[in-house]
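Enquirer: prediction below, plus the sequence it came from.
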Number of protein chains: 6
Amino acid sequence: MSIQPKKASESLTIMTEIVLPNDTNVLGNLMGGRLLHWMDICSATAAQRHCRRVVVTASVNNVSFDHPIKLGSIVTIQAKVSRAFTTSMEVYIDVWVEDRVTGERKKCNEAIYTFVAVDQHGAPLPVPELVPESEEEIKRYGGALRRRQLALILAGKMKPHDATELKALFSPS
Amino acid sequence: MSIQPKKASESLTIMTEIVLPNDTNVLGNLMGGRLLHWMDICSATAAQRHCRRVVVTASVNNVSFDHPIKLGSIVTIQAKVSRAFTTSMEVYIDVWVEDRVTGERKKCNEAIYTFVAVDQHGAPLPVPELVPESEEEIKRYGGALRRRQLALILAGKMKPHDATELKALFSPS
Amino acid sequence: MSIQPKKASESLTIMTEIVLPNDTNVLGNLMGGRLLHWMDICSATAAQRHCRRVVVTASVNNVSFDHPIKLGSIVTIQAKVSRAFTTSMEVYIDVWVEDRVTGERKKCNEAIYTFVAVDQHGAPLPVPELVPESEEEIKRYGGALRRRQLALILAGKMKPHDATELKALFSPS
Amino acid sequence: MSIQPKKASESLTIMTEIVLPNDTNVLGNLMGGRLLHWMDICSATAAQRHCRRVVVTASVNNVSFDHPIKLGSIVTIQAKVSRAFTTSMEVYIDVWVEDRVTGERKKCNEAIYTFVAVDQHGAPLPVPELVPESEEEIKRYGGALRRRQLALILAGKMKPHDATELKALFSPS
Amino acid sequence: MSIQPKKASESLTIMTEIVLPNDTNVLGNLMGGRLLHWMDICSATAAQRHCRRVVVTASVNNVSFDHPIKLGSIVTIQAKVSRAFTTSMEVYIDVWVEDRVTGERKKCNEAIYTFVAVDQHGAPLPVPELVPESEEEIKRYGGALRRRQLALILAGKMKPHDATELKALFSPS
Amino acid sequence: MSIQPKKASESLTIMTEIVLPNDTNVLGNLMGGRLLHWMDICSATAAQRHCRRVVVTASVNNVSFDHPIKLGSIVTIQAKVSRAFTTSMEVYIDVWVEDRVTGERKKCNEAIYTFVAVDQHGAPLPVPELVPESEEEIKRYGGALRRRQLALILAGKMKPHDATELKALFSPS
């Protein structure tokens, strides 16, 4: 069975959450751990929509929390597969918060999770290729290879001088 | 007021959790998002023990999930501050799972979170320096600077050729 | 201050949930109460997006549960304001379940909730009018008046022969 | 096997809940969705006590939320089967809130849920007839038929002119 | 202000809970900790109904778990104040489990909790005397003094030879 | 198969929890029931580490709540098996709260739980003997027999004059 490539947009997953008291720290702001949990569910769903298999979280990269999110805020989480490798998928997550009164939405977070498709014994399975279409999808698709090389180096599974994409970044000229 | 440096071991925080049904996916393994949440609480406590201030999660780096963790497992999470910068702290987290029958503990996860100490308005506050003692603490203290440079580059806040630690890694000779 | 009417589409709210073990009954299907809870959060968010005020649930009408939803399913909940009255808003909710393997989405539930916009003391506040655009929005807008008359009669706040919309339904010819 | 009819009082189910922070909205009042969830568990238990089978929620009718319920309140939920049809049961739910200081109980909510008895494959099973005894039980038993006709019409499963109970309500004389 | 004594029956509190997956251990039975939590909420409500004040748990005595309670069981928890002292109240809790098919109720647990009435600063407040009426209420009222002496001795706040009730129990003749 | 005795220290289990809004009562202090639940999980883990079997809570003895624990506090729970009997284990639990600013730890609670090791049908299994080492472990080991006799008497399973340990406590001279 050959696997048909899929568009990035086919995996789009949207979650809306309201920040409840138990989600907040002593300053009344959303705790990072709760948002990490929500983002995991949202991005796992996107990965599952791409490959139609059970998926398991393989890694979390480069999450930064730049703006505090207040109790009672409406949080919108949007996830889309940004690139597929042999058995894994990188998922890009964008988080917005909505002003209760003006309705203005502010981007407050980006994150990247990686998932692996597995069978019922947990063994990896091949996934469809990803076809990026929009400008942003294409940009994120390109960056995914660089992030993957970086992750492999940090995990000691790739030698720095084999990481052609990254070497260019640090090269003298 | 000058701030006394503190030892890494003073921030040591240990959490023990049992994997319950609602923490698991359809394969009966712990979901990544739940572990991310537990690690956030554990490492935030370690950071708070270091600086005795309210702390907020600033970023999550390089979490990888290498071994599935079964329903009913005893999970031990251990967090310790690995390096302090002006107002931020890097926390290193180790996760073990214990075999129910033999009691053998297996390392199944490492993660690094960064926290910022804040006042009641969320403005950053200076934190004590960290003094590493054990061999592992010293090694992680050293790696923290490299990870910080990498994070600053990825966030576009530092130019690659200013990252002296990283350049060495990718240099030709 | 006059209040600008708003389009139905401006209130669209989407939630995605995965059915976890604690959400299920002894047959392994999603419990009705959990879905009622999710639909309340989703539709309250839609109502809040319409009026930009705190909203409180006023009533729930005509929810029916036609298809069992299995453990592990991806549930998508979509809510949109269907009609605004002086201080209240009717919200229409559609629930789909997605087949894990084929990705086919099946409509499995419809519900209607009513919300009231309130100030900080809980007193009702006027809300913007709703402008329906799509064919479905227009149909639901029309039905909302009939449902409102029915609710008023059942609550003893309107006499049956004043309910012009409903009388037509039961009239002899 | 013939099924013995049962008294309404045999299905009486009482739940007591304290309103915790996570159950409340930004005004500090109980959120509707949480109460809908509690009422579902309470009424499902009443239906199960009537038929001694697994039951699933079939529909929710005419819930209205008339009085805000404050954080920390003691909420008492009382459910009793009001009428049994071939395979379904209508359950009537009354909700009281208790004043913390005077102990005075105030009725703040009524709701009606319908459940179906099912076998392990989800197929409907016959349920015992219900015998109402008290004045209130008899009144609710009578109203149940009218509500059922209304639900069937709204679901498009009955023609208005076949709903003899309802036609009388809207008839000219 | 004098405080009117109150009957034991006025504090009666009934809770009904269904055992969900997350409440169970690996054998599929209700975990003790969950039941301890439910009994605390139920008995705190009974104590609050007796004194109409904020109450805090002071101690837990002699809880034993004699029968496993299966996933999906209907658990009924019943609490009643058994005796009032100056500022504290002993509450007796009975737990039943209901057979899903026959409806037979089996007593599976008894527990005794003690609560103290407090003002907004946490300082103890006097509570009404308790008037036992039924045979069981009178028996439990009598036993409460013996249990109190025992608790005081175990806490080192009473000398054994001052515990007249207990000495009789262990006296040679 | 003979069972090797084990040291008390081998069962040591540490849990760290942060008091969240939903864990508190109307005074903003940790509710007793939540702490009872945490202590159950922590002590069950200690018992399981001693016997390497599934364990079930058999009883809870003499828990007292002496100091209120504020919202946002860091709570450390430490459990260790204090004595093993044929098939049961007494576990001693110590609870500390940490001052957020000074870091000073204050002991605020002690509790004793008893667990039984069981096979997959719930039948009791023999457990290893416990070897106490530290002064505190030896003292608690000694007290465990007295507590066991007391529990047996209170449960009506032992006659007071057979409780040699306790008789001494209440004897005239």
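Expert: Okay, I see it.
Enquirer: can we go C-alpha only for contacts and neighbour counts from here?
Expert: Noted.
Enquirer: export the strand ranked longest in chain A as PDB, just CAs?
Expert: For chain A, the strand that runs over the most residues, judged by DSSP state E, is strand A:105-118. Output of strand A:105-118 as PDB, limited to C-alpha atoms (Å, rounded to 0.1, in the frame of the first residue of the first chain):
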ATOM      1  CA  ARG A 105      -6.600  38.400  19.600                       C
ATOM      2  CA  LYS A 106      -2.900  38.500  20.700                       C
ATOM      3  CA  LYS A 107      -0.400  35.800  19.700                       C
ATOM      4  CA  CYS A 108       1.200  34.800  22.900                       C
ATOM      5  CA  ASN A 109       3.000  31.500  22.300                       C
ATOM      6  CA  GLU A 110       4.500  29.200  19.700                       C
ATOM      7  CA  ALA A 111       5.600  25.700  20.200                       C
ATOM      8  CA  ILE A 112       6.900  22.700  18.300                       C
ATOM      9  CA  TYR A 113       6.200  19.100  19.200                       C
ATOM     10  CA  THR A 114       7.200  15.900  17.500                       C
ATOM     11  CA  PHE A 115       5.100  12.800  17.300                       C
ATOM     12  CA  VAL A 116       5.700   9.200  16.100                       C
ATOM     13  CA  ALA A 117       3.000   7.000  14.500                       C
ATOM     14  CA  VAL A 118       2.900   3.600  16.200                       C
END
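Enquirer: give the next helix or strand downstream of it.
Expert: Counting by DSSP states H and E, the next helix or strand C-terminal to strand A:105-118 is strand A:130-131.
Enquirer: give me the sheet partners of that next one and which way each runs.
Expert: Strand A:130-131 has these partner strands in its sheet, going by DSSP bridges: strand A:6-7 (parallel).
Enquirer: mean confidence for the partner strand?
Expert: Across strand A:6-7, the average pLDDT comes to 96.
Enquirer: can you list the residues that contact that strand?
Expert: A:His50, A:Pro128, A:Glu129, A:Leu130, A:Val131, A:Pro132, A:Glu133 (Cα atoms under 8 Å, 6 or more residues apart in numbering or on different chains).
Enquirer: which among the residues you listed end up buried?
Expert: Taking 16 or more other Cα atoms under 10 Å in any protein chain shown as the criterion, what is buried in the contacts of strand A:6-7 is A:His50, A:Pro128, A:Glu129, A:Leu130, A:Val131, A:Pro132.
Enquirer: assess the claim that the first one and A:Pro126 are in contact.
Expert: Which is A:His50. No. Look at A:His50 against A:Pro126 with Cα atoms under 8 Å: they stay out of range, at 11.5 Å.
Enquirer: need the contact list for the closest residue to A:Lys107 other than its chain neighbours.
Expert: Nearest residue to A:Lys107 in three dimensions, chain neighbours excluded: A:Trp96, at 4.4 Å (Cα to Cα, 6 or more residues apart in numbering or on different chains). By Cα under 8 Å, 6+ apart, the contact set of A:Trp96 is A:Val75, A:Thr76, A:Ile77, A:Arg105, A:Lys106, A:Lys107, A:Cys108, A:Asn109.
Enquirer: so where's chain A shaky on pLDDT?
Expert: Along chain A, the parts satisfying pLDDT under 70 run over A:1-2, A:154-155, A:165-173.
Enquirer: residue contacts, the residue of it found nearest chain D?
Expert: The minimum distance from chain A to chain D, using Cα to the nearest Cα, falls at A:Pro21 (5.4 Å). A:Pro21 makes contact with A:Gly28, A:Leu71, D:Pro21, D:Asn22, F:Pro21, F:Asn22 under the criterion Cα under 8 Å, 6+ apart.
Enquirer: what about the second one, neighbour count?
Expert: When counting by other Cα atoms under 10 Å in any protein chain shown, one arrives at 20 neighbours for A:Leu71.
Enquirer: swap in the first one?
Expert: Summarising burial for A:Gly28: neighbours were counted as other Cα under 10 Å, giving 17.
Enquirer: how near is it to F:Val19?
Expert: Noted for A:Gly28: a distance of 14 Å to F:Val19, by Cα to Cα, to the nearest Å.
Enquirer: just to revisit the earlier point, rebuild the contacts of A:Trp96 as a markdown table, extending it with neighbour count.
Expert: Below are those laid out as a markdown table (neighbours: other Cα atoms under 10 Å in any protein chain shown):
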| residue | neighbour count |
| --- | --- |
| A:Val75 | 23 |
| A:Thr76 | 20 |
| A:Ile77 | 24 |
| A:Arg105 | 15 |
| A:Lys106 | 13 |
| A:Lys107 | 14 |
| A:Cys108 | 17 |
| A:Asn109 | 18 |
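Enquirer: go through these and say which is closest to C:Ile14.
Expert: Nearest to C:Ile14 among the contacts of A:Trp96: A:Thr76, at 9.0 Å, using Cα to Cα.
Enquirer: contacting residues for the closest one?
Expert: A:Ile14, A:Met15, A:Thr16, A:Glu17, A:Val95, A:Trp96, A:Val97, A:Glu98.
Enquirer: so it sits in a helix?
Expert: No. Secondary structure of A:Thr76 (DSSP: H, G, I helix; E, B strand; the rest coil): strand, not part of a helix.
Enquirer: can you map out the strands along chain A?
Expert: Ranges of strands within chain A are A:6-7, A:13-18, A:54-65, A:74-84, A:88-98, A:105-118, A:130-131, based on DSSP E.
Enquirer: winner for burial among these?
Expert: Of these, the one with the most neighbours on average (mean count of other Cα atoms under 10 Å in any protein chain shown) is strand A:74-84, at a mean of 26.
Enquirer: how far does that one sit from the chain's center?
Expert: 6 Å (Cα atoms, centre = their mean, to the nearest Å).
Enquirer: stretch A:51-62 now?
Expert: 9 Å.
Enquirer: up against chain B, what does chain A have?
Expert: A:26-27, A:31-34, A:36-41, A:54, A:56-66, A:120, A:122, A:151, A:160-161, A:167, A:169-172 (Cα under 8 Å from any Cα of the partner chain).
Enquirer: near chain F, from those?
Expert: Okay, of the residues of chain A next to chain B touching chain F (Cα under 8 Å from any Cα), that's A:Val26.
Enquirer: can you tell me the residue of chain A closest to chain F?
Expert: A:Asn22 (5.4 Å).
Enquirer: quick one: residues contacting that residue.
Expert: Neighbouring residues of A:Asn22 by Cα under 8 Å, 6+ apart: D:Pro21, D:Asn22, F:Leu20, F:Pro21, F:Asn22.
Enquirer: okay, the last one and chain E: tell me how far apart.
Expert: Going back to what we said before, that points to F:Asn22. Separation of F:Asn22 from chain E (Cα to the nearest Cα, to the nearest Å): 13 Å.
Enquirer: and the closest residue to A:Glu90 other than its chain neighbours, what does it touch?
Expert: Counting by Cα to Cα, 6+ apart, A:Thr114 is the residue found nearest to A:Glu90 once chain neighbours are left out, at 4.5 Å. By Cα under 8 Å, 6+ apart, A:Thr114 lies in contact with A:Thr57, A:Ala58, A:Ser59, A:Val60, A:Ser88, A:Met89, A:Glu90, A:Val91.
Enquirer: for those residues, which one is nearest A:Tyr141?
Expert: Taking the contacts of A:Thr114 together and measuring to A:Tyr141 by Cα to Cα, the closest member is A:Glu90, at 9.0 Å.
Enquirer: the closest one bridge partners, please.
Expert: A:Arg83, A:Thr114.
Enquirer: thought it was touching A:Ala144?
Expert: Yes. Proximity of A:Glu90 to A:Ala144 meets the contact threshold set by Cα under 8 Å, at 7.1 Å.
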